[in-house]
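Visitor: starting from these lines, generate the structure:
(2 chains, ligands or ions: 2)
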Amino acid sequence: MTRVLLKFNENQVDQAITSQVIIEQGIPLNILRAHIEPTRGEILLEIPQDHVEQVVEAFQKRKVIVTVQKQLEIDEKKCISCGACYSLCPINVISFKQDHTVNFDEEKCISCGQCVDACPVRALRI
Amino acid sequence: MAEKKLRTVEEINEKIKKGDAIVITADEMTKLVEEKGVKIAAKEVDVVTTGTFGAMCSSGAIINLGHSDPPIKIQKAWINDVEICHPGAAADLYIGASIMSETRPFEYGGGHIIEDLIDGKQVELRATAYGTDCYPRTRIDTTITKDDLNQFQLLNFRNGYQRYNCATNGRDEIIYTYMGKLLPNFGNASFSGAGCLNPLTNDPDYETIGIGTRIFLGGTQGFVIGEGTQHEPKSQFGTIMVRGDCKKMTSEFIKGASFTKYGTTLYVGIGIPIPILNEGLAKKTGISDEEVLTNIIDYGVPRRDRPILRQVSYQELKSGKIEIGDREVKASPLSSLKKAKDIAETLKMWIEDSSFYLTSPVERLPTDTEFKPMKQTKGVSFVDTLTRQAVTCKENDSIKDVAEQIISRSVNHIIVTDSQGKISGIVTSWDITRAVASGREKLVDIITRKVITTTPDEPVEAAARKLSLHNISALPVIDSTEKVLGIVTSEDISKLIGGRNAHD
Ligand code: SF4
Ligand code: SF4
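Guide: Ligands and ions are numbered 1, 2, ... in the order given. Alright, predicted model coming up:
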């Protein structure tokens, strides 16, 4: 799965662009996060690996700005398992193992970035 | 304490020498006491080991550089652009963990230097002096590693808090504190300390801890050298002052750290062995997370005495979720529970290996000292003393009317209110100038809706910080119903507290 961020402008927010692309391409797209305002909108999408190119093109054809989303990088050598990041995650990506080691369920991460500047040893990057 | 002695420190050391001492970690002791009771636990166990690994800002290291040729009596010094304090004679320096780099503030600081040196890394030293007949040199630039130093001693004024607050944030914005990043509207919480593993928590009356107590410090053996600053035994906020040889430490247990928008610090690993000299100590070391209590505090209130929301146990905190009001929020441990346990285990191993012997304190930590607030010669000033009458307008007023008000009342800010006098926006003279220049006529088009406000009971210093953070020059003063009471300006604030927060 590849994550991409779609940016919609004022004229695009009220159109069903994402649905159009799904129907046209016949590819299931997973919406991880959506933030729509009257004048702009953002959607974080997950695209199956084999279809990234064609889906991105389909959005670009409709003048949507597409950026391939950077994934959260965890430097496990630096991490001290302090847990400072844990309470900032809006979904349950970060948890503790039995021995209190901090564990990241990276599959679930929506790259929101909330945890990054909470890490006191700068072990997280987006 | 006239408690019956079960064993002495000397007897325990004899057993350690033979490899016979029974040592368990504090969390194991909790289980043992639960299962078999205090009496049996006291009989079976010789030593209980504790551990904590948390951010401890009042930490630092003394270094001695030796003399340069020609010699220098250092007046000011920097290592890797972090200003180093020069507390003593010519070549003694103190690296304070919380001093930040002048070129990379908030990212690199004294704590990182200590970690880098422990790691064997080379750092850059720069120093200046005024020059004397015996120390003629006025400048030096060189590089050093820990091997070049005569002494490199961790010397921490305040470590190992017996317990600490749990922090949350009632404001409607994210705040960055020494307790980490706190989400708005009580959106999360953070706590420090390792609960039932915490050193002082296991000997709350300091029966076995004091000057000369040998401890685990940063991966090697160090010592308690007395009570820490702000030691407050009566409310179970005891602290210790510690010293240890950095040259023998490892960065696994000493880590430089950065708290975003707060500053740099040092994570310090400390473990104290508690000899079970009597049944009372078995009971005390048998303490469970459920019994270690602390308060949830609203760090959104920028005052010395912050509101306490409620009491909470470490059991609840360590579960990762706590209740605040009618909501469940996540709670971050800021200190590593993983490393706390590693430390207690390592200390246990050292004692079992006969490589660590216990000491009786030369003098116990005091149990009766008080922690006083700062003496201030001037009282706190609040916003109400600076509040002026605000010039207000209504949304359907014309830009021309507002412009006239600005001129006739010679103000820069007009607060927009609704029919009940509640704040609905703000307009500045700059907004008006721009509107006129671009030919706009309707006021509603230029009103700023998201207004940063203050209240009459906010300290002036806190209001000043809002002005500087948001780069604005006035704050409407409102009451709890959002009714406009007046306005404070940066001009009046800087007149009161000095120009450092002045913005235009
Ligand atoms: S980036 Fe956001 S979603 Fe991903 S782990 Fe961090 S806080 Fe959670
Ligand atoms: S805040 Fe950083 S060091 Fe702490 S657990 Fe998270 S990633 Fe690890």
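
Visitor: which SSE is the residue lying closest to B:T142 once chain neighbours are set aside in?
Guide: Closest residue in space to B:T142, ignoring its immediate chain neighbours: B:L125 at 5.3 Å, by C-beta to C-beta, 6 or more residues apart in numbering or on different chains. For glycine as for every other residue, the C-beta is placed from the backbone atoms N, C-alpha and C. Applying DSSP states H and E as the criterion places B:L125 in strand B:123-128.

Visitor: list the buried residues for that strand?
Guide: Using 16 or more other C-beta atoms under 10 Å in any protein chain shown as the test for burial, strand B:123-128 gives B:V123, B:L125, B:R126, B:A127.

Visitor: strand partners of it, parallel vs antiparallel please.
Guide: Strand B:123-128 sits in its sheet next to strand B:76-79 (antiparallel), strand B:139-144 (antiparallel), going by DSSP bridges.

Visitor: ligand 1 contacts on chain A?
Guide: Within chain A, the positions near ligand 1 by C-beta under 6 Å from any ligand atom are A:72, A:88-89, A:91, A:93-94, A:109-115.

Visitor: please repeat the previous calculation with a cut-off of 5 Å.
Guide: A:L72, A:C89, A:V93, A:C109, A:I110, A:C112, A:Q114, A:C115 (C-beta under 5 Å from any ligand atom).

Visitor: those residues in strands, which ones?
Guide: Among the residues of chain A next to ligand 1, no residue falls in strands (DSSP state E).

Visitor: return the distance of the helix or strand where B:R434 lies from the chain's centre.
Guide: Counting by DSSP H and E, the element that carries B:R434 is helix B:429-437. Put simply, helix B:429-437 sits 45 Å off its chain's centre (C-alpha atoms, centre = their mean, to the nearest Å).

Visitor: give me the below-cutoff pLDDT ranges for chain B.
Guide: Scanning chain B for pLDDT under 70 picks out B:1-2, B:499-504.

Visitor: nearest spatial neighbour of the most centrally placed residue in it, chain-adjacent residues omitted?
Guide: Nearest to the mean C-alpha position of chain B, by C-alpha atoms, centre = their mean, lies B:Y178 at 4.2 Å. In space, and not counting its chain neighbours, B:Y178 is closest to B:Y262: 5.3 Å by C-beta to C-beta, 6+ apart.

Visitor: I'd assumed B:L182 was in contact with that neighbour.
Guide: No - contact status for B:Y262 versus B:L182: not in contact, 10.9 Å apart, counting by C-beta atoms under 8 Å.

Visitor: between those two, which one's more packed in?
Guide: Each of B:Y262 and B:L182 has its neighbours counted (other C-beta atoms under 10 Å in any protein chain shown); B:L182 has more, 27 against 19.

Visitor: surely the more buried one and B:Y299 touch.
Guide: Yes - using C-beta under 8 Å, B:L182 is in contact with B:Y299, at 6.1 Å.

Visitor: joint contacts of those two?
Guide: Common contacts of B:L182 and B:Y299 (C-beta atoms under 8 Å, 6 or more residues apart in numbering or on different chains): B:A167, B:T168, B:N169, B:I175.

Visitor: ramachandran angles for the residue nearest to the spatial centre of chain A?
Guide: Geometric centre of chain A, nearest residue: A:I110, 3.5 Å, by C-alpha atoms, centre = their mean. Per-residue torsions, A:I110: phi -100, psi 20 (degrees, to the nearest 10).

Visitor: name the nearest residue to it, sequence neighbours excluded.
Guide: Closest residue to A:I110 in three dimensions, ignoring its sequence neighbours and counting by C-beta to C-beta, 6+ apart: A:L32, at 4.5 Å.

Visitor: dump the residue contacts of that neighbour.
Guide: Shown in contact with A:L32 (C-beta under 8 Å, 6+ apart): A:R3, A:L44, A:L45, A:E46, A:I110.

Visitor: which of those lies closest to ligand 2?
Guide: For those, the minimum distance to ligand 2 (C-beta to the nearest ligand atom) is 16.7 Å, reached by A:I110.

Visitor: what about B:R327, how many residues nearby?
Guide: Neighbours of B:R327 using other C-beta under 10 Å come to 10.

Visitor: can you pull the contacts of it?
Guide: Neighbour list for B:R327: B:F186 [criterion: C-beta under 8 Å, 6+ apart].

Visitor: what pairs with it across the strands?
Guide: Beta-bridge partners, per DSSP bridges, of B:R327: B:I324.

Visitor: same question for B:I296.
Guide: The partner residues for B:I296, given DSSP bridges, come to B:C166, B:R310.

Visitor: and the pLDDT at the residue nearest to the centre of chain A?
Guide: Here, the pLDDT recorded for A:I110 equals 83.

Visitor: thought it was touching A:R33?
Guide: Yes - between A:I110 and A:R33 a contact is recorded at 5.0 Å, counting by C-beta under 8 Å.

Visitor: what residues are shared contacts of these two?
Guide: Shared contacts of A:I110 and A:R33 (C-beta under 8 Å, 6+ apart): A:L44.

Visitor: quick one on the thing from earlier: in the very next helix or strand once past the helix holding B:R434, what counts as buried?
Guide: The helix or strand immediately downstream of helix B:429-437 is helix B:460-470, counting by DSSP H and E. Neighbour counts over helix B:460-470 (16+ other C-beta under 10 Å) mark B:V460, B:A463, B:A464, B:K466, B:L467 as buried.

Visitor: who wins for neighbours among the contacts of A:L32?
Guide: A:L45 (23 neighbours).

Visitor: just say helix, strand or coil for that one.
Guide: strand (DSSP: H, G, I helix; E, B strand; the rest coil).

Visitor: bridged to it, which residues?
Guide: Taking DSSP bridges as the rule, A:L45 bridges to A:V4, A:I31.

Visitor: quick check: it touching A:I17?
Guide: No - look at A:L45 against A:I17 with C-beta under 8 Å: they stay out of range, at 11.2 Å.

Visitor: sketch out the low-pLDDT regions of chain A for me.
Guide: Residues of chain A meeting the criterion pLDDT under 70: none.

Visitor: show me where it has helices.
Guide: Along chain A, the stretches classed as helices by DSSP state H are A:17-25, A:52-61.

Visitor: one more: chain B?
Guide: According to DSSP H, the helices that chain B contains are B:9-18, B:26-36, B:38-44, B:110-118, B:279-285, B:314-318, B:337-352, B:399-408, B:429-437, B:460-470, B:490-497.

Visitor: between those helices, which one is nearest to ligand 2?
Guide: Short answer: helix B:337-352, nearest of the helices of chain B by C-beta to the nearest ligand atom, at 8.9 Å.

Visitor: now do that closest one against helix B:26-36, angle only.
Guide: 80 degrees (axes from the mean of the first three to the mean of the last three C-alpha atoms, to 10 degrees).

Visitor: please name every helix or strand in contact with helix B:337-352.
Guide: Applying 3 or more C-beta pairs under 8 Å, 6 or more residues apart in numbering or on different chains; DSSP states H and E, we find helix B:337-352 packed against strand B:23-25, helix B:26-36, strand B:47-49, strand B:52-55, strand B:214-217, strand B:263-271.

Visitor: all good on my end, thank you.
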